[in-house]
Every structure is written in C-alpha cells, then in structure tokens.
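In: what's the 3D shape of this:
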Amino acid sequence: MKYLVRSLKYFVALCVLCVIMMGLMLLTGTSQLTAEETLYLMFHSDRFVLLGIAIVALSATYPRFGFMTKRVEGDVEQHRLQIENAFRGAGFRLVKEEDGVLYFRGDGLWKRLTLLFEDEIRVSQYGQWIELEGIRRGVARAWYLLDSYLEMVKRDEKK
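Out: I've put the predicted structure just below:
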C-alpha cells in the first residue's frame, strides 16, 4: 500500500511540474502554440502520449529507486551528537525516538514539500553499523555528513 501511495504522490508531482512548465512557456511567450492549441495537441498527439507514458513509468518505479538504506560503522548511543549534527546539516530534525530508533523529518514546510512529505528517515543500530533508511536524497546527504563526522571522531581518538 505504501508503494502505491508513493507512486501516486510522484505521479501528481510530475503532472503538476508539467502543467507549470507549459504555463510558464505560455506566459513567457516561448511556446509557439496558444493555450487552446496546446490542449488540443496534448490529447491528439503521439508526443504527449509518450510524455504520459513516461510520467506513469517514472511514478511507478519511483518508490523502488527513490528510497534507500545506507550503513556507516558506529554506535547510535555513542555517536548520538554526530548523528544529530549530520541530520541538522542535511536539513532534518529529530521528531521522535522509540526503542533505540531515531526518526528524523524535514526541518520546515518547504523541505517536507520538496520531499513530497516522504521525508521520514529512520536511524537504528544494525550490528556494528548505524543504519539510515528513507528517501534517497535525504539519506545520501545525511550519510555523507555522518560518515565525515565519524571519520573526524576516529582521527581525534587516534591522537
């Protein structure tokens, strides 16, 4: 069910993006067609059919490649400060903690909107690894920062 909801959200977002782009083209005069001609072609042209197929295909596959799990060596309890700093730097804030699992969400409405409200990132302990699970853009940024912070901690411990 979650997969279907994510696909539908992405479908709507892509449709809105296409409408905005067409509207901007009409407003700026960069379109060679009028609004009526654009609407007519939208439903009677192979190009727009292909655009529709591309939008459906992208939105159907988005949940598969739009979310990820990354791991970095460390301990959630021991490196809590680095985890929170990494997520703060990536634009997320801690919203809850349950059974040793930290949940982060986008910090602010714009951040959450750009992530289609699929902005929850789960941080948990997986053996000797800290596991980050959530939307690819958020996880990748936070993972990169966290990895850098943990490398600095390791270097400081060696001194």
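In: What is the helix or strand encompassing Leu113 packed up against?
Out: Here Leu113 sits within helix 109-114, counting by DSSP states H and E. Here helix 109-114 is seen to pack against strand 101-106 when contacts are counted using 3 or more CB pairs under 8 Å, 6 or more residues apart in numbering; DSSP states H and E. Where you see a C-beta, it was placed from the backbone N, CA and C, and this is true even at glycine.
In: Now do the strand it packs on: which elements does it pack against?
Out: Using 3+ CB pairs under 8 Å, 6+ apart, strand 101-106 is in contact with strand 92-98, helix 109-114, strand 121-126, helix 136-158.
In: want to try a markdown table for those, with mean pLDDT as columns?
Out: Shown next, in a markdown table, are those (pLDDT from 0 to 100):
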| stretch | mean pLDDT |
| --- | --- |
| strand 92-98 | 92 |
| helix 109-114 | 87 |
| strand 121-126 | 93 |
| helix 136-158 | 88 |
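In: Minimum distance to Thr69: which of those has it?
Out: For Thr69, the closest of these is helix 136-158, at 7.5 Å, according to CB to CB.
In: got a list of contacts for the closest one?
Out: 65-70, 72-74, 79, 82-83, 85-87, 89-92, 104, 106, 115, 119, 121, 130, 132-133 (CB atoms under 8 Å, 6 or more residues apart in numbering).
In: change it to 7 Å
Out: 66-68, 70, 72, 74, 79, 82-83, 85-87, 89-90, 92, 115, 119, 121, 132 (CB atoms under 7 Å, 6 or more residues apart in numbering).
In: Mind listing what's buried along it?
Out: For helix 136-158, burial by neighbour count (16 or more other CB atoms under 10 Å) applies to 137-139, 141-143, 145-147, 149-150.
In: and stretch 78-96, how far apart are its ends?
Out: 18 Å (CA to CA, to the nearest Å).
In: buried ones in it?
Out: For stretch 78-96, using 16+ other CB under 10 Å, the buried residues are 79, 82-84, 86-87, 90-92, 94.
In: And for stretch 31-39?
Out: Buried-residue list, stretch 31-39, by 16+ other CB under 10 Å: 31, 38.
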